[in-house]
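Peer 1: need a structure here:
(one chain, ligands or ions: 2)
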Amino acid sequence: METLAKLQAKKNQEKITMLTVYSAALAAVFNNTAVEMLLVGDSLGTVFQGKENTLSVTLAEMIYHGQAVRRGAPDKFMAVDLPFMSYQVNPEKSLLNAGKIIKRTGANAVKLEGADKVALESVRRITAAGIPVIGHLGFTPQSVNTLSGYRVQGKDRAAAQKLKTDARLLEKAGVFMLVLEMVPAKLAQEITRALKIPTIGIGAGAGCDGQVLVCDDMLGLYPKAPRFVKRYADLDQTVTQAIKKYIAEVKQGKFPDTAHSF
Ligand code: KIV
Ligand code: NA
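Peer 2: Ligands and ions are numbered 1, 2, ... in the order given. Got it, this is the predicted structure:
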């Protein structure tokens, strides 16, 4: 298993890979690969549940999926997202909710979005309790309504400066890693160079210390995948072909044959 220290030591040495995952079956496949980190992302709201955005995802749902992934991948460093409204109210609530995730799922870390006052104080409180925290800046899906849709962040000078400041504030507050989502590559590289902690990019160019993709997107299972996703497989076609064959064989009486009967 990766540890926090091992992951942090990879900065400037070796790129870090992270993938989201929501089910025990896929987690079991990932468990036997060299991927360093699994993220039970609240993207499960859109990707797994088929919802419009991640806002309605609950803490109970994050814990349910965290438990499933942990059963499938007992050997992986697993982070679980704190869902919308589980860390925005006050640092005490944030710590209690982070603690619930850790105790009930066996996660190694939690992740939260943004760098406002409550988020920063929450990072301090959660890390002080011995729970590693990952930050998340740039496009932060839980603020989709404020950000007016899925857009690249930090494009003008003021926004870029704010992102740099927020990244430093999060590092100072104690996050051990920072996800940068939909940020211009040059800005993400500048932030990466300015920080001691590793950055993990998604739609943030090659200058980050590592990369993360949503599992269904990269495997070709999610039709609405954004432009920054690379399809490493076409599971949609593989599944369609398998089902076609299954239907044909059942209709023709070829399945089940004697090898699959008692
Ligand atoms: O929920 C998620 O999948 C994420 C990653 C895209 C970083 O937060
Ligand atoms: Na997320």
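Peer 1: tell me which element Ile191 falls in.
Peer 2: Assessed by DSSP states H and E, Ile191 sits inside helix 185-194.
Peer 1: Now the element after that helix, going C-ward?
Peer 2: Next along the chain after helix 185-194, taking DSSP H and E as the criterion, comes strand 199-202.
Peer 1: Residues touching whatever helix or strand comes next after that next one, excluding its own?
Peer 2: Heading C-terminal from strand 199-202, the first helix or strand you meet, by DSSP H and E, is strand 210-213. With contact meaning Cβ atoms under 8 Å, 6 or more residues apart in numbering, strand 210-213 is reached by 10, 15-20, 36-37, 39, 179, 198-202, 229-230. Using the backbone N, CA and C atoms, a C-beta is placed for each residue, glycine as well.
Peer 1: Can you give me the buried ones in the helix holding Ile191?
Peer 2: Leu187, Ala188, Gln189, Glu190, Ile191, Thr192 (16 or more other Cβ atoms under 10 Å).
Peer 1: buried residues in the strand or helix carrying Leu163?
Peer 2: In the assignment (DSSP H and E), Leu163 maps to helix 157-173. Neighbour counts over helix 157-173 (16+ other Cβ under 10 Å) mark Ala160, Leu163, Lys164, Asp166, Ala167, Leu169, Leu170, Glu171, Ala173 as buried.
Peer 1: Max pairwise distance over those: which two?
Peer 2: With distances taken as Cβ to Cβ, the most widely separated pair in those is Ala160 and Ala173, at 20.5 Å.
Peer 1: still on that earlier bit, now flag whichever of the buried residues of helix 185-194 is closest to ligand 2.
Peer 2: Ala188 (17.3 Å; Cβ to the ion).
Peer 1: what's the closest of the buried residues of helix 185-194 to Thr3?
Peer 2: Of all the buried residues of helix 185-194, Thr3 sits closest to Thr192, with 21.3 Å by Cβ to Cβ.
Peer 1: re the thing from before, tell me which residues are up against the helix holding Leu163.
Peer 2: Against helix 157-173 from outside (Cβ under 8 Å, 6+ apart): 114-115, 120-121, 123-124, 127, 135, 137-138, 153-154, 178, 180, 183-184, 187, 190-191, 194-197, 199.
Peer 1: For ChimeraX, write the select line for the buried members of those residues.
Peer 2: Remark: buried members of these, expressed as a ChimeraX selection using 16+ other Cβ under 10 Å:
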select :114,115,120,121,123,124,127,135,137,138,153,154,178,180,183,184,187,190,191,195,197,199
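Peer 1: all strands of this structure, in order?
Peer 2: Taking DSSP state E as the test, the strands found in the chain are 16-20, 37-40, 77-81, 109-111, 133-138, 177-181, 199-202, 210-213.
Peer 1: Next one, pLDDT for Tyr222 please.
Peer 2: Note on Tyr222: pLDDT of 87.
Peer 1: Quick check: buried residues in stretch 78-94?
Peer 2: Within stretch 78-94, the residues that count as buried by 16+ other Cβ under 10 Å are 78-84, 86-88, 91, 93-94.
Peer 1: quick check, nearest of those residues to ligand 1?
Peer 2: Checking the buried residues of stretch 78-94 against ligand 1 with Cβ to the nearest ligand atom, the nearest one is Asp81 at 5.3 Å.
Peer 1: give me every residue that touches the spatially closest residue to Tyr232 that is not a sequence neighbour.
Peer 2: With sequence-adjacent residues excluded and distances taken as Cβ to Cβ, 6 or more residues apart in numbering, Tyr232 is closest to Met218, at 5.0 Å. Residues in contact with Met218 (Cβ under 8 Å, 6+ apart) are Leu19, Val229, Lys230, Arg231, Tyr232, Ala233.
Peer 1: re the thing from before, intersect the contacts of strand 210-213 with the contacts of ligand 2.
Peer 2: Taking Cβ under 5 Å from the ion as the test, ligand 2 is in contact with none of the contacts of strand 210-213.
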